[in-house]
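In: quick one, fold the following:
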Amino acid sequence: MKPGALSNNLQGALWILASCLAATVMTVGVKMASDGLASTQIVFVRCVLSLAMTAPFLIAYGRKVLFSRRWKMHLLRGAIGAISMNAGFYALGELPITTASVLFFSTPLFMTALAGPMLGEKVGIHRWGATLVGFAGIVVVVNPGIETIEFAMLSALVSAALFAVMLIQGKQLSKDDPPGTLMVYFMVMSTLASMPPALTHWEWPDTDLWIVLVVLSIGATARVYFDIKAYAVGEASAISVFQYLRLITIAFAGYLVFAEIPDERTILGAGLIVASTLYIAQREAVRQRRARAGGKAADASD
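Out: Residues are numbered from 1 along each chain as shown. Prediction:
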């Protein structure tokens with residue numbers, strides 16, 4: 001490394017910070033737009049604008065990205081992504097943005113739970129224990145009860161669970177297809193799948209809403225790009241922890257823009273979810289190091 005140059009992991013951490021800021025812009029934008037538009041319409045416009053913004057990069061890949069032997073799975077993944085976005089945007093419109101974001105961070109817990117049936121991975125007692133702690137954090141935030149449980153909270157959890165399915169599908173598809181193919185199919189299919197519910201109650205946005213929609217779409221697209229850059233230069237096990245800065249930036253934005261203050265249950269639940277997902281990430285890093293070293297991928301406790 002040249003004198004004065006940043007280490008790869010530090011560069012990755014800075015890209016993650018940029019991703020957190022972009023995600024915060026998107027989150028605040030969705031919350032603002034939900035005052036005047038249905039969440040289904042926000043999702044559709046976001047998909048259309050993001051597709052338009054990335055089209056030049058996708059065209060650069062050439063027509064070969066359109067051909068895949070597993071095109072049916074690509075289409076299914078795009079549809080699942082559209083449902084996940086619709087559920088997540090609905091939750092953001094109905095809940096304090098910090099509460100919704102805390103529940104979105106349950107995605108790694110669902111990925112651990114689904115690793116067995118979808119990937120054939122053996123999940124040991126350590127990761128199962130951490131997963132149970134994380135789900136306990138979800139219970140704390142949701143505060144389930146016959147009269148108190150909110151549909152919007154369930155919607156946030158559905159969004160997180162489906163996003164986990166989508167990430168696992170991406171992992172499976174990436175064995176045969178390049179990233180460009182995954183992007184093309186996902187963006188086109190999610191746009192098509194989100195169109196019918198949006199058009200059922202379409203209302204033409206006014207100028208102010210169009211500005212909000214464009215800004216949130218830029219934030220959503222930039223977040224994807226920043227995440228790609230982050231994990232391209234840094235080690236996942238070293239920089240993934242910085243993703244949790246998003247909770248801080250979103251909580252600050254929620255207070256600044258919407259005068260929202262997280263309640264005690266949200267803060268306690270967030271602590272349990274973050275601690276458990278960090279531990280799961282640490283155990284996964286150990287498994288990967290063992291695999292690279294030529295040893296066992298995991299022992300019975302992993």
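
In: next structured bit after the lowest-mean-pLDDT helix or strand in the chain?
Out: Lowest mean confidence among the helices and strands of the chain (mean pLDDT, DSSP states H and E): helix 236-239, at a mean of 68. Counting by DSSP states H and E, the element after helix 236-239 in chain order, helix or strand, is helix 245-258.

In: what residues sit buried inside that next one?
Out: Neighbour-count burial for helix 245-258, counted by 16 or more other CB atoms under 10 Å, picks out 245-247, 249-251, 253-254. No exception for glycine: its C-beta is placed from N, CA and C like everyone else's.

In: how about stretch 91-100?
Out: Neighbour counts over stretch 91-100 (16+ other CB under 10 Å) mark 91-100 as buried.

In: identify the farthest-apart pair in those.
Out: Pairwise distances across the buried residues of stretch 91-100 peak at 14.2 Å for Gly93 and Thr98 (criterion: CB to CB).

In: pLDDT score for Pro108?
Out: With respect to pLDDT, Pro108 has a value of 83.

In: assign it to helix, strand or coil.
Out: Of the three states, Pro108 takes helix under DSSP: H, G, I helix; E, B strand; the rest coil.

In: give the contact list for it.
Out: Counting by CB atoms under 8 Å, 6 or more residues apart in numbering, Pro108 makes contact with 134, 164, 277, 280-281.

In: in strands only, show me those.
Out: Assigned to strands by DSSP state E, none of those qualify.

In: in the residues you listed, find the pair that's most separated.
Out: Maximum distance among those (CB to CB): 14.1 Å, for Ala164 and Ala281.

In: show me which of those two is the more surrounded one.
Out: Neighbours per residue (other CB atoms under 10 Å) separate Ala164 from Ala281, with Ala164 holding more: 22 against 17.

In: what's the nearest residue to the more buried one if we skip its chain neighbours?
Out: Phe110 (3.7 Å; CB to CB, 6 or more residues apart in numbering).

In: and Gly180, by the same measure?
Out: If the residues on either side of it in the chain are set aside, Gly180 comes closest to Tyr61, at 3.8 Å by CB to CB, 6+ apart.

In: neighbours around Phe57, how many?
Out: Neighbours of Phe57 (other CB under 10 Å): 11.

In: quick check: which element contains it?
Out: Counting by DSSP H and E, Phe57 is part of helix 39-61.

In: which residues touch that helix?
Out: Contacts of helix 39-61 with the rest of the structure, by CB under 8 Å, 6+ apart, involve 30, 33-34, 65, 82, 85-86, 89-90, 92-93, 178, 180-181, 183-184, 187-188, 190-191, 194-195, 197-203, 205, 213-214, 216-218, 220-221.

In: ok, of those residues, which come out buried?
Out: Among the contacts of helix 39-61, the ones that count as buried by 16+ other CB under 10 Å are 30, 33-34, 65, 82, 85-86, 89-90, 92-93, 180-181, 183-184, 187-188, 190-191, 194-195, 197-198, 205, 213, 216-218, 220-221.

In: now do the helices in this protein.
Out: Along the chain, counting by DSSP state H, helices occupy 8-33, 39-61, 71-94, 97-104, 107-119, 125-142, 151-173, 179-200, 207-233, 236-239, 245-258, 264-293.

In: mean confidence for the second one?
Out: The average of the pLDDT scores along helix 39-61 is 87.

In: would you mark the buried spots in that helix?
Out: Neighbour-count burial for helix 39-61 flags 39-51, 53-54, 58 (criterion: 16+ other CB under 10 Å).

In: check the longest one too.
Out: Within helix 264-293, the residues that count as buried by 16+ other CB under 10 Å are 265-266, 269-270, 272-274, 276-281, 283-284, 286-287.

In: where does the stretch 1-150 of the chain have low pLDDT?
Out: Along the stretch 1-150 of the chain, the model assigns pLDDT under 70 to residues 1-6, 144-149.
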